[in-house]
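Asks: Based on what follows, work out the 3D shape:
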Amino acid sequence: MKIVNPDEFEPHANRAERRPRAPEAGDGVAVREAPAKTFVGRERGTNSSRSYFRYEIGEDGLHFMLSRGVRSMDHEPFTAPRHHHAFQQVRWCDSGRKNFAPGQYIEPGDVAYFPKGAYYGPEYKQGHSGFATQFGFGDEYQVGPEWQPYIRQARANLISKGTTEGGMYTWVDPDSGETRQMETIEAAYAEACRLRGWPPYRIPDAGYEAPILIHPRSFDYYERSAGVELKPLGSFYSQPGPDGDLRLGMCRLSEGGTFELNRDRAVIVITTTAGLHVDGQGEATYPVHTAAYSPLGEADAISGEPGTEAYIVEYPRRG
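Replies: Residues are numbered from 1 along each chain as shown. Below you'll find the predicted structure:
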């Protein structure tokens with residue numbers, strides 16, 4: 001695994017500026033350029049910050065983005081209307097609390113899975129930090145070089161025909177004269193599909209009715225091998241086939257333990273403690289809130305100081 005350690009986060013723009021948004025140059029690098037990454041952020045006073053990293057994985061068309069966000073209580077809150085997406089998400093919270101609907105929060109140490117098609121929100125987020133990943137196949141999650149020019153043109157087209165406010169795009173239908181509204185990302189994705197000549201964009205019906213909030217502390221570890229303990233947290237299906245599920249879990253390492261990552265999946269490792277060692281990186285020890293990426297087909301392994309703990313995310317495969 002190749003390890004990269006960016007030491008700064010790019011400024012976190014407000015919603016109107018950043019959504020809908022395709023990754024720009026410098027947001028991240030393709031798998032072939034950096035088969036693994038770590039990133040560690042620094043809080044600066046009361047500023048909110050976020051770093052985005054883009055990857056394109058395998059021949060089955062999976063796209064994902066992993067980010068770490070820090071939002072101060074003194075910073076303008078993030079808000080979003082009730083909405084849903086065609087892509088899937090996982091969100092972690094390590095400080096504060098992440099709101100995802102009225103009265104519903106991801107508390108420190110908790111994880112939430114957001115299925116495609118499932119509604120959530122309105123959101124009001126302020127004073128929290130944690131990781132998040134979004135991913136999908138085909139037109140579900142439109143990031144990367146193949147989508148970038150279409151998303152840029154889609155945004156320009158939308159701006160010329162309507163307005164965006166509060167996370168919603170509003171325009172007047174030229175045929176009926178009626179005022180219409182659509183969530184901003186959905187509007188941009190729909191226009192990008194039209195520009196690309198793809199079938200009309202649609203968000204599928206929800207297979208899981210709502211986001212699934214997970215309390216990892218309520219699950220127990222079992223011994224996988226000497227020095228390696230695992231804690232499965234759930235498998236969530238979105239694609240047909242034996243590898244069509246997202247798998248979430250945790251790993252705890254002790255002296256002498258080495259955990260081999262699943263080479264049949266793209267895998268993300270996110271540490272909750274310091275002490276991670278990565279196979280092939282010598283004696284390097286990585287800090288808490290490190291994220292490392294193992295691409296589909298790579299034979300990678302991790303070890304660590306006694307008590308090192310990390311989340312393990314195995315992304316689904318298509319077909």
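
Asks: Just give the nearest non-adjacent residue to V288, would you?
Replies: Nearest residue to V288 in three dimensions, chain neighbours excluded: A274, at 4.8 Å (Cβ to Cβ, 6 or more residues apart in numbering). For every residue, glycine as well, the C-beta is placed using N, CA and C.

Asks: What strand or helix carries F259?
Replies: strand 258-260 (DSSP states H and E).

Asks: nope, I270 is what I was after
Replies: Using DSSP H and E, I270 falls in strand 267-271.

Asks: so what does that strand touch, helix or strand wise?
Replies: Packed against strand 267-271, as judged by 3 or more Cβ pairs under 8 Å, 6 or more residues apart in numbering; DSSP states H and E, are the following elements: strand 291-294, strand 308-314.

Asks: which one of the ones you listed lies closest to P199?
Replies: Nearest to P199 among the helices and strands packed on strand 267-271 is strand 308-314; the distance by Cβ to Cβ comes to 29.3 Å.

Asks: what about the closest one, average pLDDT?
Replies: The average pLDDT within strand 308-314 is 96.

Asks: Stretch 142-160 too?
Replies: According to the model, stretch 142-160 has a mean pLDDT of 93.

Asks: Please save the CA atoms from stretch 230-248 in CSV.
Replies: Taking Å, rounded to 0.1, in the frame of the first residue of the first chain, the C-alpha atoms of stretch 230-248 are listed here in CSV:
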residue,chain,number,x,y,z
LEU,A,230,-13.0,-8.7,14.5
LYS,A,231,-16.4,-7.1,15.2
PRO,A,232,-18.9,-7.3,12.3
LEU,A,233,-21.4,-4.4,12.2
GLY,A,234,-23.5,-5.3,9.2
SER,A,235,-23.9,-6.2,5.6
PHE,A,236,-26.2,-4.1,3.4
TYR,A,237,-27.2,-5.2,-0.1
SER,A,238,-27.6,-3.0,-3.1
GLN,A,239,-26.3,-5.0,-6.0
PRO,A,240,-27.1,-8.6,-7.2
GLY,A,241,-24.5,-11.3,-6.8
PRO,A,242,-22.5,-12.7,-3.9
ASP,A,243,-20.4,-9.6,-3.6
GLY,A,244,-23.2,-7.0,-3.9
ASP,A,245,-23.2,-6.0,-0.3
LEU,A,246,-21.4,-3.3,1.6
ARG,A,247,-19.6,-4.8,4.7
LEU,A,248,-18.9,-2.7,7.8
